[in-house]
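Participant: Task: produce atomic coordinates for the following.
(chains A, B, C and D)
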Protein chains: 2
Amino acid sequence: MNDCCRPKLANASLRDTETRRVLLAILHDSTGPLAIPDIVARCHGAGRKANKTTVYRDLAAMERAGIVYRVIVSDRKQYFELTERGHHHHFICLECDHVEDILLDEFDLAKQEAQLVKQRGFSVSRHSLEFFGLCKMCI
Amino acid sequence: MNDCCRPKLANASLRDTETRRVLLAILHDSTGPLAIPDIVARCHGAGRKANKTTVYRDLAAMERAGIVYRVIVSDRKQYFELTERGHHHHFICLECDHVEDILLDEFDLAKQEAQLVKQRGFSVSRHSLEFFGLCKMCI
DNA sequence: CTCTGTGCAAACGATTTGCATGATG
DNA sequence: CATCATGCAAATCGTTTGCACAGAG
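Facilitator: Down below sits the predicted model:
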């Protein structure tokens, strides 16, 4: 069932372990980015009693390999999602911390980035756009 | 010198204390949002040996009063800036964590927000847009 | 004088690190 | 069987809380 992950790991010269396969399956089944404590819980729920340290290290390794993406969202927790989901933005509920994907046209953000490079001398590698508010459950 | 802060505190029915005046002066002198550990250090540097707990509480109180704004930027640290700086966006250096203000036209972000409300049923109260990369010092 | 602000120590929660053991390729 | 992955305990670091004392209005 999780066999679809094997090539991803192999391509990245990462060893094929049960924990990594479960992690990828969890991210695959999610409709939005997940925080690590949550991922650890789901891991245990799925019958894989992985240690949190391992989860942190595996996600970091898979991020280095480009398989997962670290989402810089709100304070205090880091979220992860599958890179294959592609670039998009997020809506974050201020009440329950739920994070949901938002797909937008990239309007003139790219142009703005180019301008930053020219005018301020930064090297801009990516951007993130988040909307904050209350989700349907919390309104 | 910090007397300019007094009316702000009074208007918010917050007591006029040395720590609060120093905090406002520090934020006033900064060209971008500051993280609390940094603010505490600057506080001590300015001769006000305020306890970090007090700094956390004062900034929270001033945020409640609308005087300062809590910036949701990267992970693990919360940043603050003066509300009077107005709405803008940020550039964050991935190397040194330096945060700098970015002024952009609000292009169609407002329109996008309205769409979110209509299409997804969220209540959106604000957004944040950040650009990540390397600052001039770190390139 | 009363209520709010402050300091200190301890608690918390996410994340990281060191080290010994286990499994993969 | 060499190398990489894992588990466990302890350390870090930003942040929060409880409680007693001090200062502003």
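Participant: From DNA strand C, how far out is the residue of chain A most remote from its centre?
Facilitator: Of all residues in chain A, A:Q119 sits farthest from the chain's C-alpha centroid, using Cα atoms, centre = their mean; the distance is 30.7 Å. Noted for A:Q119: a distance of 32 Å to DNA strand C, by Cβ to the nearest atom of the strand, to the nearest Å. To be clear about C-beta, it is placed using only N, CA and C from the backbone, and glycine gets the same treatment.
Participant: and the helix or strand hosting that residue, how far out from the chain's middle?
Facilitator: With elements delineated by DSSP states H and E, A:Q119 resides in helix A:109-120, which encompasses its position. Average the C-alpha atoms of helix A:109-120, do the same for its chain, and the two points are 25 Å apart (Cα atoms, centre = their mean, to the nearest Å).
Participant: How about it, which residues are buried there?
Facilitator: Taking 16 or more other Cβ atoms under 10 Å in any protein chain shown as the basis for neighbour counts, the residues of helix A:109-120 that come out buried are A:L109, A:Q112, A:E113, A:L116.
Participant: so the last one touches B:I102, yeah?
Facilitator: If I follow you right, that is A:L116. Yes. A contact is recorded between A:L116 and B:I102 when judged using Cβ atoms under 8 Å, the distance being 6.9 Å.
Participant: which neighbours do the two share?
Facilitator: Common neighbours of A:L116 and B:I102, counting by Cβ atoms under 8 Å, 6 or more residues apart in numbering or on different chains, are B:F91, B:F131.
Participant: do the longest strand along chain A and chain B meet?
Facilitator: Ordering each strand of chain A by length in residues (DSSP state E) puts strand A:123-134 first. Yes. Figure legend: strand A:123-134 in contact with chain B (Cβ under 8 Å from any Cβ of the partner chain); contacting residues A:S123, A:V124, A:S125, A:R126, A:H127, A:S128, A:L129, A:E130, A:F131, A:F132, A:G133, A:L134.
Participant: Okay, and the beta partners of the second one?
Facilitator: A:V124 has these beta-bridge partners by DSSP bridges: B:G133.
Participant: my guess is it contacts A:L116, does it?
Facilitator: Yes. A:V124 sits in contact with A:L116 when judged by Cβ under 8 Å, with a separation of 5.4 Å.
Participant: Can you tell me which helices and strands the helix or strand bottoming out on mean pLDDT in chain A packs against?
Facilitator: Taking mean pLDDT, DSSP states H and E as the measure, the helix or strand of chain A with the lowest value is helix A:109-120, at a mean of 83. Contacts of helix A:109-120 with other secondary structure elements, assessed using 3 or more Cβ pairs under 8 Å, 6 or more residues apart in numbering or on different chains; DSSP states H and E, are made with strand A:123-134.
Participant: centre of the chain versus the strand it packs on, how much separation?
Facilitator: 13 Å.
Participant: packing partners for it?
Facilitator: Strand A:123-134 is packed against strand A:89-93, helix A:109-120, strand B:123-134, with contacts defined by 3+ Cβ pairs under 8 Å, 6+ apart.
Participant: Quick one: work out the angle between the first one and strand A:123-134.
Facilitator: To tie it back to what came earlier, the one meant is strand A:89-93. When axes from the mean of the first three to the mean of the last three Cα atoms, to 10 degrees is applied, the directions of strand A:89-93 and strand A:123-134 differ by 40 degrees.
Participant: what does strand A:89-93 rub up against?
Facilitator: A:32-33, A:71, A:73-74, A:98-104, A:128-135, A:137-138, B:116, B:120, B:122, B:124.
Participant: Sheet partners, orientation included, of the following helix or strand past that strand?
Facilitator: Following strand A:89-93 in sequence order, the next helix or strand is strand A:99-102 (DSSP H and E). As defined by DSSP bridges, the strand partners of strand A:99-102 come to strand A:89-93 (antiparallel).
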